[in-house]
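got a sequence here, can you model it:
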Amino acid sequence: QAVSRFRGGGRRRVALPIPRNEAVSPSRRRAAAAADARAFGPAATSMSTLEHDCGVARRADCNPGRRTRAVALDSPNDPFALPTAYAPAPLRSARAFVVLGSYLPWGIFAVLLTLFTFALAHVPVVVWLMTAFAVDAVLVGTWPPKGGDAGYRTRDRKDWLPLFMGLFALGAGVFCGSLNADFVEPWVRVKYLQRHTDVLPSSSPLLYADSGVLRFAPGSKVDVDAASGYLAWPHTYCAAPIRGPDSAGGSEKSAPVAAAMANGSSLGFFAVGTDCCDSRGGFACGDASDADALSGLRFDGARSADGDTTTMDFYLRAARMAAAANGEAAAQTPVLLLWTKDPEAMANSSWYTALGLYFGLLVASLLFLVASRRIMQRYGSMRGPGAGGG
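So this is what the prediction gives:
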């Protein structure tokens, strides 16, 4: 082995042979260090001592604790020492942390709320397809990388915040949008479905399967005394049969009603409501107490995010109970109605309620966006040097 020395600013090169296992005397080491200091400055002192002790090749038998030149020496002037303030790079920049944890969830919530409110009744397949895309965007876009190699730090709990915010926004968008779709439903039925007039309660309900609004023949009424309530905590689901002008309610049955029962005819139209009746009788839902009310807005049960039909089943059970309590039978698929004097006014009221709720939720989501952005900026700045990069 040989150590190359440059003396006099590189004017000539002197090779000093040093045997592999030969010990270097202290006086010779000091002389070489002093020569290097005069030629190259203080940094050469550590370099000179290192080369005299271990040689250029840094043999393994030199010092077990210093196998490579990347290991820092005890000297503050070690030219191979790494910076003491070195920290691994973050998994994501602070800007990406804010975008994925604040703006992306807000966008997903706004889009889902809009789709469920205004498009679920028209193109439900498109709405649920967009929901599936939103789930994919949240899982793929915000799932934190594992890290721990190539100079990056390992994943910790703060890196899961964007994923949590995305899932929260996804669930809130579906829930609030489905709730708002229930308010839009009456307006959709009045505007887009068929309107039938002079309907006889003794008619088959299958004739009005495409109905949105039914106006019954004069003299028709809701038999409030024949109502029944089905209790499913915390609500009571009420149903009362609609009878024609030639029938009597309750226990007083007219000859046409008795004849219909003898022929096996069934009740096909019921007025329904929630928490507006007793277990037997006392029906006060909608405009049932108004003698001038002759119309009904078709009702198919509250819409739910998972397609649950439990609410509709409760109303059907109440209708069958009301029919059975009076010795009658309900049709297999009866028409359930929200009894009202003015269906258009009810539909418009539901529409404006849905619009108010829609814009209120958007304003609330904007406030949430501002708060979540501050939180993401705070945690993004705590994730180590270099986190503020783009």
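
what segments of the protein are strands?
Shown for the chain, the strands assigned by DSSP state E span residues 2-7, 12-17, 194-199, 211-216, 221-222, 228-232, 235-243, 267-274, 295-298, 330-340.

which strands and helices lie in contact with the longest one?
Secondary-structure packing of strand 330-340 (3 or more C-beta pairs under 8 Å, 6 or more residues apart in numbering; DSSP states H and E): strand 211-216, strand 235-243, strand 267-274, strand 295-298, helix 310-325. The C-beta positions use only the backbone N, C-alpha and C, and glycine is treated the same way.

which stretch among the ones you listed comes nearest Ala347?
strand 295-298 (7.1 Å; C-beta to C-beta).

against which helices or strands is that closest one packed?
Packed next to strand 295-298, using 3+ C-beta pairs under 8 Å, 6+ apart, are helix 161-192, strand 211-216, strand 330-340, helix 343-381.

swap the cut-off to 6 Å and go again
strand 211-216, strand 330-340, helix 343-381 (3 or more C-beta pairs under 6 Å, 6 or more residues apart in numbering; DSSP states H and E).

same question for the last one, mean pLDDT?
Looking back up the chat, that one is helix 343-381. For helix 343-381, mean pLDDT is 90.

low-confidence ranges in the chain?
1-26, 29, 32-33, 35-92, 147-153, 246-265, 301-310, 380-390 (pLDDT under 70).

switch the cut-off to 80
1-94, 145-156, 245-265, 300-310, 379-390 (pLDDT under 80).

buried set for stretch 267-280?
Residues of stretch 267-280 classed as buried by neighbour count (16 or more other C-beta atoms under 10 Å): Leu267, Gly268, Phe269, Phe270, Ala271, Val272, Gly273, Cys276, Cys277.

where's the first one relative to Arg95, distance?
For Leu267, the distance to Arg95 equals 65 Å [C-beta to C-beta, to the nearest Å].

looking at the buried residues of stretch 267-280, which is nearest Val335?
Out of those, the member with the shortest distance to Val335 (by C-beta to C-beta) is Phe269, at 5.1 Å.

from memory the closest one sits against Ser202, does it?
No. Using C-beta atoms under 6 Å, Phe269 makes no contact with Ser202, being 9.2 Å away.

returning to what we had before: of all the strands of the chain, which lies closest to Gly166?
strand 235-243 (33.4 Å).

what does the closest one rub up against?
For strand 235-243, the surrounding residues in contact (C-beta atoms under 6 Å, 6 or more residues apart in numbering) are 201, 222-224, 226-227, 229-230, 249, 267, 269-277, 283, 285, 314-315, 318-319, 322.

next, count neighbours for Gly360.
The number of residues packed near Gly360 is 11, by other C-beta atoms under 10 Å.

just the terminal-to-terminal distance for stretch 96-112.
Start-to-end span of stretch 96-112 (C-alpha to C-alpha, to the nearest Å) is 23 Å.

and the buried residues of stretch 267-280, which two are the farthest apart?
Maximum distance among these (C-beta to C-beta): 21.6 Å, for Gly268 and Cys276.

out of the helices and strands packed on strand 330-340, which gets nearest to Gly107?
It is, among the helices and strands packed on strand 330-340 and with distance given as C-beta to C-beta, helix 310-325, at 31.4 Å.

which parts of the closest one are buried?
Here helix 310-325 shows Thr311, Met312, Phe314, Tyr315, Leu316, Arg317, Ala318, Ala319, Arg320, Met321, Ala322, Ala323 as buried, counting by 16+ other C-beta under 10 Å.

which residues touch it?
Contacts for helix 310-325 (C-beta under 6 Å, 6+ apart): 226-228, 230, 232, 237-239, 241, 267, 270, 272, 301-302, 329-330, 334, 336.

what does stretch 172-189 give?
109, 112-113, 116-117, 120-121, 212, 297-298, 302-303, 305, 346-347, 350-351, 353-354, 357-358, 361.

can you do 8 Å?
Residues outside stretch 172-189 that contact it (C-beta atoms under 8 Å, 6 or more residues apart in numbering): 108-118, 120-121, 131, 134, 212-213, 297-298, 302-305, 338, 346-348, 350-351, 353-354, 357-358, 361.
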